[in-house]
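Novice: A predicted structure for the sequence below; I have some questions about it.
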Amino acid sequence: MIIFLLIFIVLYGGLNFYAFSRTRNVLHLSGKVQIMVIVLLVLMVLAPVIIRLAESCHLETLARSIAYVGYLWMAFVFLFFFLDIAFNLLRYICKFFFKSAGSAPVRNIVFGLSIFVSFIFVVYGFFDAQRVRVNKMEIQTEQSLLNNGKIRIVQISDVHIGLIVRDKRLQKIIDCVKSANPDILVSTGDLLDGELDNVMPQARQLAQIRTRYGKYAVAGNHEYYAGIEHSLEFTKNAGFEILRDETRQVAGINIIGMDDVTGRKLGIIRDNPRLAHLSPAIQSNGFILLLKHQPFVNNNENFNLQLSGHTHCGQIFPFTLITRLYFSKNCGYYQLGKNKSLYVTRGAGTWGPPVRILAQPEITIIDLIGKKID
């Protein structure tokens, strides 16, 4: 986490320095104003650290206020960086045809346009992040199932309950899940964000959801960042049974929950050798549903459907293009072979900036259609 934080500060600081340099060159700021702007930008860069310190001192209202300001600015400066480079690249191309494209007025117009479009996108993305979509899909199977051969599975993932996603925003997600009337509810990780103080009321909100055959969850990387023991306590209080390299058989479905790779990298958990032999052993007993937070597919694992999350589909375009470089299966449905598929959800919440652009939040409804059990 320390290495990640240092890399983040360097990269994010670089983006803010770029925005400062462009502003200084266009607006010709005086020395005093430049110092004031630099101080504000340093505070914005350090906002994630300041937020955590404020919350650890039980200054929750202050922490939430800084979170909104700091993370919205983060989204703005990210977008400004990409848009300004794109617009300036276009301006350089236009210089070959129109000499006036290199003039100071045109450069100023490009700067103003980058600011305006970034602002519009942040406003749009802020409100769009609160409009949870419902994605429905139907999967046929030859296996026998209870409930007249039809089981409705609802997947939530990457809710990131914390300073921003809570109370009303969380209730919108809960209402979507309730209206779907799930037989089984699964959470594929990152139910919590990095902050844990005063979130138990949100666990009681999630406990409102009732299902016919249970609620099951696996840990994501943020459960480990927040503190795995406390995260597991929260998840249990929310009414979920946590599967940590374990399996459960319910309604004709074998649900396998794999712990996140973060726990293995940190040395907190070790590979379970028994799990490698578990899937083939239960193949003949019913449909195999694999819950795994990060969308890595192991060809040696035997399953019919893997449900994952983690990527947020980039959350803010053009980061979708970046996440695709690391996760070949970034978001959506993938047919991996006969009776073997993967679905990677965009997630229901937000991490960092409470903004989504071209990566709408969602819950997933999967109607599993099989043979009736007599």
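Specialist: Arrived safely, thanks for sending. Residues are numbered from 1 along each chain as shown.
Novice: make it CA atoms for all contacts and neighbour counts henceforth
Specialist: Will do.
Novice: And the strands in this structure?
Specialist: 133-145, 150-156, 184-187, 215-217, 241-242, 246-250, 253-258, 287-292, 305-308, 332-337, 340-344, 362-372 (DSSP state E).
Novice: Verify the stated contact: residue 251 with residue 146.
Specialist: Yes. Counting by Cα atoms under 8 Å, residue 146 is a contact partner of residue 251 at 5.0 Å.
Novice: contacting residues around residue 340?
Specialist: Contact analysis of residue 340 by Cα atoms under 8 Å, 6 or more residues apart in numbering lists 303-305.
Novice: what are the bridge partners for the residue lying closest to residue 241 once chain neighbours are set aside, then?
Specialist: With sequence-adjacent residues excluded and distances taken as Cα to Cα, 6 or more residues apart in numbering, residue 241 is closest to residue 216, at 4.8 Å. Beta-bridge partners for residue 216, by DSSP bridges, are residue 186, residue 241.
Novice: Mean pLDDT per element in this protein, and the minimum belongs to which helix or strand?
Specialist: One helix or strand of the chain scores below all others by mean pLDDT, DSSP states H and E: helix 278-282, with a mean of 50.
Novice: My read is that residue 341 contacts residue 306, right?
Specialist: Yes. Counting by Cα under 8 Å, residue 341 does reach residue 306; the two are 6.4 Å apart.
Novice: Of those two, give the one with the bigger neighbour count.
Specialist: Each of residue 341 and residue 306 has its neighbours counted (other Cα atoms under 10 Å); residue 306 has more, 24 against 18.
Novice: Please tell me I have it right and the more buried one contacts residue 291.
Specialist: Yes. If you go by Cα under 8 Å, residue 306 and residue 291 touch, sitting 5.9 Å apart.
Novice: buried stuff in stretch 31-41?
Specialist: Buried residues in stretch 31-41, defined by neighbour count with 16 or more other Cα atoms under 10 Å: 34, 37, 41.
Novice: residue contacts, residue 164?
Specialist: By Cα under 8 Å, 6+ apart, the neighbours of residue 164 are 64, 67-68, 354.
Novice: Just flag the most distant two among those.
Specialist: The distance between the two most remote of the contacts of residue 164 (Cα to Cα) is 11.8 Å, for 64 and 354.
Novice: Just want to know which of the two has more residues nearby.
Specialist: residue 354 (24 against 18).
Novice: all helices for this protein, in order.
Specialist: Using DSSP state H, the helices found in the chain span residues 2-27, 31-45, 47-56, 60-95, 104-128, 146-149, 167-180, 200-206, 221-226, 228-237, 261-265, 273-276, 278-282, 319-326.
Novice: Tell me, what's the model's pLDDT at residue 197?
Specialist: Looking at residue 197, its pLDDT reads 65.
Novice: cool, residue 98 as well?
Specialist: If you check residue 98, the pLDDT there is 81.
Novice: ok, now how distant is it from residue 26?
Specialist: From residue 98 across to residue 26, the span is 21 Å (Cα to Cα, to the nearest Å).
Novice: between these two, which one's more packed in?
Specialist: A count of neighbours by other Cα under 10 Å puts residue 26 above the other of residue 98 and residue 26, at 15 against 11.
Novice: what's the spacing between that one and residue 102?
Specialist: Distance of residue 26 to residue 102, given as Cα to Cα: 14 Å.
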